[in-house]
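Student: sequence? don't have it. structure:
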């Protein structure tokens, strides 16, 4: 088993990519803590994981106090953190003009201040808050840890709503800076930039738009959560021990940089 004896914290673990990653990591021998704003959803996932000792923890990643409390609970349960998967995120926020965009409006001019700030609070501050708490534990335990931050093809090439692309671009900069500063501690930091993955988040995309994306993707399909989970497994394991500061994009060829 590739993660035997390791403890993994996965944010947004109640559905989608977080759920798939939790299932993959547990099957590979990790003890898993699934953090989610909906603890009930995370607990349902935990109940179905291979192995024993996994936990579900309520956490609002946009709230520093909630994150600190969640990691204190993880620390009390496991005493260490070897892996952090910063997966929790959103692709739209109230007041961001999405509905008007679907009618042909210009989303930038329709977007409210609060919508933009809320996106950054979840997708950027959440990554920072969780990484900070994980590193405190990794540093204390002198762990050769791995942090994997979920960005997006939007962060690479600017696809999607402006606030979303901005947030995912910020995650890439954060990843590279942390890789430089944490490398001497033996902590690796990488990013995954998924393309279109079939998750609850994508369910709101109109069928015609989704079909167009499939037709313009060289591999001819959208991705599945396990496509991302398998890459996260590699980045979390010792097999990628000389890899840090990288952004890898599983997107079926939709974006080739």
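Tutor: Noted; the coordinates are in hand. If you're wondering where the values come from, they're calculated on a predicted model, not measured in any experiment.

Student: For the protein, just list every one of the strands.
Tutor: 7-11, 31-36, 55-58, 83-86, 146-150, 188-192, 247-248 (DSSP state E).

Student: Need the ones you listed in CSV (columns: mean neighbour count).
Tutor: Every C-beta, even on glycine, is put in place using the N, C-alpha and C of the backbone. Listed next are the strands of the chain as CSV, based on neighbours: other C-beta atoms under 10 Å:
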stretch, mean neighbour count
strand 7-11, 29
strand 31-36, 29
strand 55-58, 20
strand 83-86, 30
strand 146-150, 26
strand 188-192, 26
strand 247-248, 17
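
Student: can you list these in JSON lines and add distance to residue 254 and mean pLDDT?
Tutor: Listed next are the strands of the chain as JSON lines, based on distance: least, C-beta to C-beta, whole Å; pLDDT from 0 to 100:
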{"stretch": "strand 7-11", "distance to residue 254": "25", "mean pLDDT": "98"}
{"stretch": "strand 31-36", "distance to residue 254": "28", "mean pLDDT": "98"}
{"stretch": "strand 55-58", "distance to residue 254": "33", "mean pLDDT": "98"}
{"stretch": "strand 83-86", "distance to residue 254": "23", "mean pLDDT": "98"}
{"stretch": "strand 146-150", "distance to residue 254": "17", "mean pLDDT": "98"}
{"stretch": "strand 188-192", "distance to residue 254": "15", "mean pLDDT": "98"}
{"stretch": "strand 247-248", "distance to residue 254": "14", "mean pLDDT": "98"}
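
Student: so who does residue 14 touch?
Tutor: 34, 36, 38-42, 44-45, 56 (C-beta atoms under 8 Å, 6 or more residues apart in numbering).

Student: ditto for residue 22
Tutor: 8, 10, 13, 32, 34, 45-46, 49, 54.

Student: ok, for residue 53, nearest residue in space, not its chain neighbours?
Tutor: Sequence neighbours aside, residue 31 is the residue nearest to residue 53 in space, at 5.1 Å (criterion: C-beta to C-beta, 6 or more residues apart in numbering).

Student: How about residue 193?
Tutor: residue 249 (3.9 Å).

Student: isn't residue 257 right next to residue 155, touching?
Tutor: No: with contact defined as C-beta atoms under 8 Å, residue 257 does not count as touching residue 155 (11.3 Å).

Student: which one of those two has more residues nearby?
Tutor: residue 155 (26 against 9; other C-beta atoms under 10 Å).

Student: can you pull the contacts of that one?
Tutor: 165, 167-172, 193, 247 are the contacts of residue 155 under C-beta under 8 Å, 6+ apart.

Student: Quick check: residue 82 vs residue 145, distance?
Tutor: 6 Å (C-beta to C-beta, to the nearest Å).

Student: Mind listing the shared neighbours of these two?
Tutor: Joint contacts of residue 82 and residue 145 (C-beta under 8 Å, 6+ apart) are residue 138.

Student: Can you give the distance from stretch 124-141 to the centre of its chain?
Tutor: Distance, stretch centre to chain centre, for stretch 124-141: 14 Å (C-alpha atoms, centre = their mean, to the nearest Å).
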